[in-house]
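> below are the sequence and a predicted model for it; my questions follow.
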Amino acid sequence: MKFPQWLSLAILLACGVLLWRLRDLLIHLFAGIVLAMAICTLVNQLRSRWRMPRLIALTICLTSLLLIICTALALIVPPFTEEFQQIIRQLPEAGRKLWVIALSSISQISSLVYGNNALEQSWTTSDNLFTFPDSTSLASGVSQGIQKILGIAGNLGNGLIQFIFVISIALMISIQPKSYREVAIQLVPSFYRRRARKILLECGNSLSDWMVGVLISSICVALLAGIGLSVLGVKLVMANAILAGILNIIPNVGPTISTIFPISVALLDAPWKAVAVVGLYVLIQNLESYLITPSVMQHQVKLLPGLTLTAQFTFAILFGPLGLFLALPLAVVLQVMIREILIHDLLDPWKKKLREQ
């Protein structure tokens, strides 16, 4: 290769290294963009129903969001926190009970097969076969693990700074979305700017559709979980229902994690309730997958389950816990860009030229 080609390759590698070093900043910047898109979606919905200046609609939306957040912090968060702490404290006892039930079932099966209780005695009399930590240490360990999973940063100071950064980016973009979009378009070569503008609008529309669909889906899941757990007589309904709605945002992994807490609570009451809770959550997820989601996401970008799981795994490795939480919106944007840029703009014309030859 000639010197200009080597220079271009070196610049490309340097840009790749720089982007890798700035990956934490980029994922927080994307979080701010996603939050800004959510605010802009609310503003556009408000302006489509009632004709008003954008600044007034933005002020109404931000004020309403602030009131909703303050109300939730005052009315929902205290009882949710108390119930969630009770769930964490009950996990060790639920684990012991599950272990006893499992040993009893194995012993009964072995007695039916071999006609003696030798296996039963050897399994059930061993105290060191399976030991549980005390409830205080396990509750502390689980709480610390959940804080690490849900935390934006490793310590409170960095987390607060990054949270302020995300909120600031979201507010600045939501005030002047067109201006920031044009700044991004100016970084693209002039011959491709019109096409880039269309692609960015398509990405924004896909993100808006995804956020509206996920919000409706999560609310429906939380309501169904709350109603179902109340009918079954499972305690701590509010905490389990809110967890089911929040974790529904994370596909595949979230719904699985959300079943652990109600199962633990139900197991302490009666084993049949734990089985009923499993059946309830399977039913809710089927309703969400085959009825709720197709109804509220008719125009959303269709993501294959394998692609979603791969995106979660990849972005969690690259960006940490926040990458796992933002895996789906990242996958939505990447799928639009791959479809529009790689397939429509690069591969399709190339394929057409090959056919002409």
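Yep, that arrived.

> make it CA atoms for all contacts and neighbour counts henceforth
Noted.

> most centrally placed residue in the protein?
Among the residues of the chain, the one closest to the centroid is Ile250, at 2.8 Å (CA atoms, centre = their mean).

> quick one, what contacts that residue?
Contact analysis of Ile250 by CA atoms under 8 Å, 6 or more residues apart in numbering lists 324-325, 328.

> just give me the closest of these to Ser190.
Leu328 (30.9 Å; CA to CA).

> for this structure, name the helix or strand with the lowest mean pLDDT.
Sorted by mean pLDDT, DSSP states H and E, the helices and strands of the chain end with helix 118-124, the least confident at a mean of 47.

> could you pull out the buried residues of the helix or strand Val265 falls within?
Assigned by DSSP states H and E, Val265 belongs to helix 253-269. Neighbour counts over helix 253-269 (16 or more other CA atoms under 10 Å) mark 254-256, 258-259, 261-268 as buried.

> for it, packing partners?
helix 77-114, helix 237-247, helix 271-287 (3 or more CA pairs under 8 Å, 6 or more residues apart in numbering; DSSP states H and E).

> try 10 Å this time
Packing contacts for helix 253-269, counted by 3 or more CA pairs under 10 Å, 6 or more residues apart in numbering; DSSP states H and E, involve helix 77-114, helix 193-232, helix 237-247, helix 271-287.

> among those, which is nearest Ala36?
Across the helices and strands packed on helix 253-269, closest to Ala36 is helix 193-232 (CA to CA), at 10.1 Å.

> where does the residue nearest to the centre of the chain sit: helix, strand or coil?
coil (DSSP: H, G, I helix; E, B strand; the rest coil).

> separation between it and Leu46?
Distance of Ile250 to Leu46, computed by CA to CA, to the nearest Å: 28 Å.

> skipping adjacent residues, who's closest to Ile257 in space?
Leu247 (7.6 Å; CA to CA, 6 or more residues apart in numbering).

> quick one: the one you found and Ile260 touch, right?
No - Leu247 is beyond contact range of Ile260, at 11.8 Å (criterion: CA atoms under 10 Å).

> and the residue nearest to the centre of the chain, its phi and psi?
Ile250 adopts backbone torsions of phi -100, psi 100, taken as degrees, to the nearest 10.

> so what's it scoring on pLDDT?
Note for Ile250: predicted pLDDT of 79.

> three-state assignment of Trp350?
Here Trp350 is recorded as helix under three-state DSSP.

> change the start of the numbering to 43 and stick with it
Right, with 43 as the first residue, what we last looked at is Trp392.

> isn't Val317 right up against Leu309?
Yes - here Val317 reaches Leu309: they are 8.5 Å apart, a contact under CA under 10 Å.

> got any ranges where the stretch 93-242 of the chain has weak pLDDT?
Applying pLDDT under 70 to the stretch 93-242 of the chain flags the ranges 117, 155-199.

> please repeat the previous calculation with a cut-off of 50.
159-172, 174, 177, 180, 191-196 (pLDDT under 50).

> CA-only coordinates of the helix holding Val307, as PDB, when you get a sec.
Once non-C-alpha atoms are left out, helix 295-311 reads as follows in PDB (Å, rounded to 0.1, in the frame of the first residue of the first chain):
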ATOM      1  CA  VAL A 295     -33.300 -12.000  31.400                       C
ATOM      2  CA  GLY A 296     -35.700  -9.600  33.100                       C
ATOM      3  CA  PRO A 297     -38.900 -11.800  33.200                       C
ATOM      4  CA  THR A 298     -36.800 -14.800  34.400                       C
ATOM      5  CA  ILE A 299     -35.400 -12.800  37.300                       C
ATOM      6  CA  SER A 300     -38.800 -11.300  38.200                       C
ATOM      7  CA  THR A 301     -40.200 -14.800  39.000                       C
ATOM      8  CA  ILE A 302     -37.600 -15.600  41.700                       C
ATOM      9  CA  PHE A 303     -39.000 -13.100  44.200                       C
ATOM     10  CA  PRO A 304     -42.700 -14.100  44.100                       C
ATOM     11  CA  ILE A 305     -41.800 -17.800  44.000                       C
ATOM     12  CA  SER A 306     -39.700 -17.400  47.200                       C
ATOM     13  CA  VAL A 307     -42.500 -15.600  49.000                       C
ATOM     14  CA  ALA A 308     -45.100 -18.200  47.900                       C
ATOM     15  CA  LEU A 309     -42.900 -21.100  48.800                       C
ATOM     16  CA  LEU A 310     -42.900 -20.000  52.500                       C
ATOM     17  CA  ASP A 311     -46.700 -20.100  52.400                       C
END
